[in-house]
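S.K.: Here is the input, now give the coordinates:
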Amino acid sequence: MLQSVTEQVRDDRVAALVELAVFPDPEQVEQALAFYEQNEEAELLAYIEQGEMLGVVGFKPSGDKEITITHIAVDPGSRGLGYGRGMLLDLMVRERPERVIAETDEEAVDFYRSVGFSVIGLGESPSGLERFRCVYEADEEE
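M.R.: Below is the predicted model of the structure:
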């Protein structure tokens, strides 16, 4: 079940999951946490099962009936079990966007492909990592 944790972004467990979604640099982690504190439209949701926080997904509106995934992470011990996919699907049911956008690196691009996102290469970032824009267009029946 997805539950808002935007107000608890500094909680150790929430912050640890957000840290998994960014480059492991204390400055990047701080920027990610501050993003949710400073942007009223942004929301951070945690996937909680049997009282255990297994993952987080953050997003913000980015257009009419469009949202952008800002962060997504699953606890390493729970990866590969469908929690990431489940969080995205639950988010889409909750928000009902027509389009979902994410930007990611080579490590996570196959995850987005497996969920049905189309992928466009963006080239290398200043840090030298290949970046990708992932877009999901919802069908009217979805």
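S.K.: leaving aside the residues next to it on the chain, what's closest to Leu2?
M.R.: Closest residue in space to Leu2, ignoring its immediate chain neighbours: Leu45 at 4.4 Å, by CB to CB, 6 or more residues apart in numbering. Glycine gets a C-beta too; all of them are placed from N, C-alpha and C.
S.K.: Could you check how far the one you found is from Gly51?
M.R.: 16 Å (CB to CB, to the nearest Å).
S.K.: Between those two, which has more neighbouring residues?
M.R.: Leu45 (22 against 5; other CB atoms under 10 Å).
S.K.: quick one: contacts for the more buried one?
M.R.: Contact analysis of Leu45 by CB atoms under 8 Å, 6 or more residues apart in numbering lists Leu2, Gln3, Ser4, Val5, Val56, Val57, Gly58, Phe59, Met87, Leu91.
S.K.: which of these count as buried?
M.R.: Leu2, Val5, Val56, Val57, Gly58, Phe59, Met87, Leu91 (16 or more other CB atoms under 10 Å).
S.K.: Kind regards, and thank you for your time.
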